[in-house]
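# Quick check, what structure comes out for this input:
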Amino acid sequence: MKAAAFVLATVFLAGAAAPARAQLGGLGKLKGAADKAVNAKQKFDDYNITDKEERQLGDQVSLQLRERFGVYQDAKVTKYVALVGTVIAQASTRPSLDWQFIVLDTDGVNAYAAPGGLIHITRGLLGLMKNEGELAGVLGHEITHVTEKHTVNAIKREKSVTMGGEAFGSAGGLTQEAIAKLSAAAFNKVFRGEFSQGDENESDKIGAQMASKVGYIPQGIADVLKKIQARNADRQDRNGMFASHPSIKERIENNEKLIKSEKLAGKATAEARYKSTITFDAKPVTEIATTEDGAAGLASGDKKKGDDPKATDEKKAEEPKKKGGIGIPGMGGGGKQQASQQQASSAGARGGVPDRDAKGGPNKSAVGVKVTAAELEAFKKGIA
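Coordinates of the predicted model:
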């Protein structure tokens, strides 16, 4: 209310020469608008986004990811990822969600979880991994982002996401306008990987627990992180999943402690089955073709014809300084880790994050696959 009082006082002084009745009428309207905005914000903060609304958010985020990267048009590979993902999802706290697994057609090494049950993994990451246990670890991590509603909670905490009185319809739910606004914020969080360190650590932990529960090695996610670390050994700027997550060394150590403390005993890698389906390798970072504008053009709006290149470059340079975010910097984490995260964000604004800013394929259509109960049971028998 201090901010509202300041606005009211300023308006009163500026309009001192106006008739008293007009001044008071204008002040009343301003105060009413301010109170309405405050009430809408409080209502949104306390509002529990429904499963239906969450899926609407996820559908729009998924659409943008498919538009950005294209979809790998291989039904066999998609079905295989869906089988592994469904096994893990059934062991989660939200098994009844309409889980969908999509392979993005890009050499970039990454994975993305959209709200409501839409899990995306890149062709490049599939090529980097070498067994099913590693795939289970990655999918378990992304599934946990959904089950724990990390993206939904993040955008609700995001101070830059404001909701006016138009946020809620007559029935009390979110309007389509509000869904669209939240989806834009959600996409930026998902695409840039701006989860808090706590969210990332929780996803590593629960993902490993689920993988082990169904029989896979619990160190699958750590093994993938080691491959990513080796992949980026010669880079000064952090890259892809490495750029947007907590320290890889810390995450690997946490995984080792978890396995020991909880005696996680999963043994399966199903390496032969993985290699019979995923017959391609990831490209080295140095061979990744990137989009001209990198992430900046996507997250901040495409460069318009007639824009001043110098002004655009200056704006990009300022983006990391302005960003509040809900990643590690926005959560108040300081010191060396915050500085390195800001460095990665700056590199991303320049289009300098190959695995994230990699070019995508031309076909944007999702590959529809169906996993039957019988297929799933037969598949589970091969987890050995």
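# only C-alpha atoms for contact and neighbour calcs from this point on.
Will do.
# Check the nearest residue to residue 281 once chain neighbours are set aside and give its pLDDT.
Leaving out its chain neighbours, the residue that sits closest to residue 281 by Cα to Cα, 6 or more residues apart in numbering is residue 127, at 4.0 Å. Residue 127 is assigned a predicted lDDT (pLDDT) of 98.
# Relative to residue 275, how far out is residue 127?
Computed as Cα to Cα, to the nearest Å, the residue 127 to residue 275 distance reads 10 Å.
# you'd agree residue 123 is up against residue 111?
No - with contact defined as Cα atoms under 8 Å, residue 123 does not reach residue 111; the gap is 9.6 Å.
# on that earlier part again, and the residue nearest to residue 281, what does it touch?
278, 279, 280, 281, 282 (Cα atoms under 8 Å, 6 or more residues apart in numbering).
# Which ones among the residues you listed map onto helices?
Among the contacts of residue 127, DSSP state H puts none in helices.
# mind listing what's buried in the helix or strand encompassing residue 200?
Take DSSP states H and E as the rule and residue 200 turns out to sit in helix 197-213. Under the neighbour-count criterion of 16 or more other Cα atoms under 10 Å, helix 197-213 has 197, 199-213 buried.
# same question, stretch 217-232
Those would be 217-225, 228-229, 231-232, for stretch 217-232 by 16+ other Cα under 10 Å.
# now the residues you listed as JSON lines including secondary structure and pLDDT?
Putting those into JSON lines (DSSP: H, G, I helix; E, B strand; the rest coil; pLDDT from 0 to 100) gives the following:
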{"residue": "217", "secondary structure": "coil", "pLDDT": "98"}
{"residue": "218", "secondary structure": "coil", "pLDDT": "98"}
{"residue": "219", "secondary structure": "coil", "pLDDT": "98"}
{"residue": "220", "secondary structure": "helix", "pLDDT": "98"}
{"residue": "221", "secondary structure": "helix", "pLDDT": "97"}
{"residue": "222", "secondary structure": "helix", "pLDDT": "97"}
{"residue": "223", "secondary structure": "helix", "pLDDT": "98"}
{"residue": "224", "secondary structure": "helix", "pLDDT": "97"}
{"residue": "225", "secondary structure": "helix", "pLDDT": "94"}
{"residue": "228", "secondary structure": "helix", "pLDDT": "93"}
{"residue": "229", "secondary structure": "helix", "pLDDT": "90"}
{"residue": "231", "secondary structure": "helix", "pLDDT": "91"}
{"residue": "232", "secondary structure": "coil", "pLDDT": "87"}
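# Break this structure into its domains for me.
2-46, 51-290+323-380 (automatic domain parsing).
# Tell me which of the ones you listed sits most buried.
domain 51-290+323-380 (a mean of 20; mean count of other Cα atoms under 10 Å).
# where in the stretch 1-150 of the chain is pLDDT low?
For the stretch 1-150 of the chain, applying pLDDT under 70 flags the ranges 1-46.
# In contact with residue 183, which residues?
57, 58, 60, 61 are the contacts of residue 183 under Cα under 8 Å, 6+ apart.
# let's see it at 10 Å
54, 56-62, 64, 114-115, 152, 155, 177, 189 (Cα atoms under 10 Å, 6 or more residues apart in numbering).
# can you give me the end-to-end distance of stretch 274-281?
12 Å.
# And for that stretch, what's in contact with it?
76-78, 80-81, 107, 123-135.
# try 8 Å
76, 77, 80, 124, 126, 127, 128, 130, 131, 132.
# where do the strands sit along this protein?
100-104, 111-114, 118-122 (DSSP state E).
# Which among those strands is found nearest to residue 257?
strand 111-114 (24.5 Å; Cα to Cα).
# who does the closest one touch, helix- and strand-wise?
Other elements packing on strand 111-114 under the criterion 3 or more Cα pairs under 8 Å, 6 or more residues apart in numbering; DSSP states H and E are helix 51-69, strand 118-122, helix 132-147, helix 176-192.
# Now it - C-alpha only, PDB.
The C-alpha coordinates for strand 111-114 follow below in PDB (Å, rounded to 0.1, in the frame of the first residue of the first chain):
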ATOM      1  CA  ALA A 111      15.700 -32.500 -22.100                       C
ATOM      2  CA  TYR A 112      12.600 -30.400 -21.200                       C
ATOM      3  CA  ALA A 113       9.600 -31.100 -19.000                       C
ATOM      4  CA  ALA A 114       6.400 -29.200 -19.800                       C
END
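# Relative to that strand, what are the paired strands and their orientations?
Next to strand 111-114 in the sheet, as set by DSSP bridges, lie strand 118-122 (antiparallel).
# Just the angle for the partner strand relative to helix 51-69, thanks.
20 degrees (axes from the mean of the first three to the mean of the last three Cα atoms, to 10 degrees).
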